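A.B. asks: This is a predicted model, with the sequence first.
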Amino acid sequence: MNPLAKDLNAIIENGNPHLMEMLSEIGKNLFFPKGILSQSAEAKEKAHKLNATIGIAKEGNTAMVMPSVMHHLAGLSADKSLTYAPSFGIPELRKSWQQAQYEKNPSLAGHTISLPVVTNGITHGISVFADVWLDPGDVVILPDMFWGNYNMILNVRKHARLSHYSIFTPEGGYDTAAFDAAVRAEAAKNDKITVLLNFPHNPTGYTLTKAEADRIVAVLADVAASGTNVIVVADDAYFGLFFEPEAMRESIFARLCGIHPRLLAVKLDGATKENYVWGLRIGFLTYGCQAGAAPEKVYDALERKTAGDVRGNISNASHLSQRLVHESMTNPAYKAEKEAKYKILEARAKKVKAVLADPKYADAWDVYPFNSGYFMCVRLKTVKAEALRVHVLNTYGVGVIALGETDIRVAFSCLEENDVQDLFDILLQGVEDLS
Ligand SMILES: Cc1ncc(COP(=O)(O)O)c(C=O)c1O
């Protein structure tokens, strides 16, 4: 094992030995390399005369740049957009994203969390998480409706075992009893379990109520207290898009930070969907846990391992993307701009609810509960989902997603409010055509 990894492991062990038990084999071996990176960083501070350390090209004391590139980046300097970003992410963006977490999640008050490590979107964040914390065969518990890419990342690539529970009760709430049973059953068989929670949820658009979150937090705390190491991953890709009063307004991550030494909370979120910059590929991975008397040292060690994984994978996320997100977040108009976009999506969600309240659809489908996010789903009663999808696409030029035998997912995030009625009427027409 590299001596730097040993040093980080000693710091983590000293702060909270259960974190060491939770790290994967890769995670235990990870470190942040010194070598060229740290020599460059040192030279950046002290090499006032000549700095011949960095793997970029310079000209006239700034990064070399072609005007045809710079032409499109009005207002940004090449040094602040085209050079490499640190593997951890640019410090100013990490700080502003962390600060925003405290503002958006009141339950974080009084808790320390790590600085977020920047990833290439949340997809990459999940993959980095899996490198650092999951060994082949480890169990990941998640509901029976879930974003399909979890399977690709966690099972196909990392050989984790996915264990499912039914997502909703027949009455239309989150099935916390099924969650409770699944978590306890896996805890009885494993020293370590990973629970993946995603709210607002893809594909259903559901976010927990406060009472449901209370039960989930209580179950996880209880299982940790009984001696199982519990990693809880909150995929908050659609954070903030809560449209109904009952939907909990903060991340479950905030409720879980520091509640038990055997519980590690991991927040995966990003500017991609929250700030409507999908292709900029900016995600964040943040830790919250009990970390002893000097939590900053433990978090630093966890950040180094995580950034080491980024270094060995994509090296670093796009500097230009990070700069754009940071510039936007520090712009005085940022909050108002975000609120304006929220209002548009909220109006679409409300319109979907109003349209679907019409009893004319009742024979064709049931509506899954939704109160947030980009999506909602219906469960078809009389025709197959894929047959309906293909039919409405070919006959009416309408695209929706078929999931399994019975479910259709509608991304109302990309429908104008005025098109909502039309979409569901065409779906109903499609069902009638096929029946
Ligand atoms: C639940 C969930 N997590 C993560 C992602 C991926 O986000 P990103 O574009 O940041 O990789 C998606 C995208 O569809 C998603 O639905």
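C.D. replies: That came through, no problem. This is a predicted model, so every value here is computed, not measured.

A.B. asks: ok, and for the helix or strand of the chain with the lowest mean pLDDT, which residues are buried?
C.D. replies: Lowest by mean pLDDT, DSSP states H and E among the helices and strands of the chain is helix 35-46, with a mean of 80. Neighbour-count burial for helix 35-46, counted by 16 or more other CB atoms under 10 Å, picks out Leu37, Ser40. No exception for glycine: its C-beta is placed from N, CA and C like everyone else's.

A.B. asks: go on, stretch 328-342?
C.D. replies: Of the residues in stretch 328-342, those buried (16+ other CB under 10 Å) are Ser328, Met329, Lys338.

A.B. asks: Kindly report the same for stretch 5-21.
C.D. replies: For stretch 5-21, by 16+ other CB under 10 Å, it's Ala5, Leu8, Asn9, Ile11, Ile12, Glu13, Asn14, Gly15, Asn16, His18, Leu19, Met20.

A.B. asks: And stretch 242-259, by the same measure?
C.D. replies: By neighbour count on 16+ other CB under 10 Å, the buried set for stretch 242-259 is 242-243, 247-248, 250-259.

A.B. asks: Kindly report the same for stretch 58-75.
C.D. replies: Ala63, Val65, Leu73.

A.B. asks: among these, which are in helices?
C.D. replies: Cross-referencing these against helices under DSSP state H gives no overlap.

A.B. asks: which among those residues gets closest to Lys192?
C.D. replies: Among those, Ala63 lies closest to Lys192 (CB to CB), at 44.6 Å.

A.B. asks: Following the record's annotation, map out the domains of the protein.
C.D. replies: 3-32+87-329, 343-434 (automatic domain parsing).

A.B. asks: Deepest in the core, which of those domains is it.
C.D. replies: Highest mean neighbour count of these: domain 3-32+87-329, a mean of 20 (counted as mean count of other CB atoms under 10 Å).

A.B. asks: where does the stretch 251-400 of the chain come near the ligand, residue by residue?
C.D. replies: Gly270, Thr272, Trp278, Gly283 (CB under 6 Å from any ligand atom).

A.B. asks: which one of those is nearest Ile401?
C.D. replies: Nearest to Ile401 among these, with distances taken as CB to CB, is Trp278, at 16.7 Å.

A.B. asks: Next, the closest one: phi, psi?
C.D. replies: As for Trp278, its main-chain torsions (degrees, to the nearest 10) stand at phi -50, psi -50.

A.B. asks: For it, which residues are in contact?
C.D. replies: Thr272 (CB atoms under 8 Å, 6 or more residues apart in numbering).

A.B. asks: Closest approach to the ligand from the stretch 301-435 of the chain, which residue is it?
C.D. replies: Tyr374 (7.8 Å; CB to the nearest ligand atom).

A.B. asks: can I assume that residue is in contact with Phe243?
C.D. replies: No. Here Tyr374 lies out of contact with Phe243, judged by CB atoms under 8 Å, at a distance of 11.0 Å.

A.B. asks: Identify the contacts common to these two.
C.D. replies: In contact with both Tyr374 and Phe243: Leu345, using CB under 8 Å, 6+ apart.

A.B. asks: Can you add pLDDT and distance to the ligand and give the buried residues of stretch 58-75 back as CSV?
C.D. replies: Converted to CSV, the buried residues of stretch 58-75 look like this (pLDDT from 0 to 100; distance: CB to the nearest ligand atom, whole Å):
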residue, pLDDT, distance to the ligand
Ala63, 93, 27
Val65, 94, 28
Leu73, 93, 23
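
A.B. asks: Which of those fall within strands?
C.D. replies: Ala63 (DSSP state E).

A.B. asks: Run through who's touching the longest helix seen in the chain.
C.D. replies: Looking across the chain with DSSP H, the single longest helix is helix 334-356. With contact meaning CB under 8 Å, 6+ apart, helix 334-356 is reached by 205, 240-241, 243, 275-276, 328, 331, 367, 370-372, 374, 376, 378, 410, 412-413, 415-417, 420-421, 424.

A.B. asks: Alright, that wraps it up for me.
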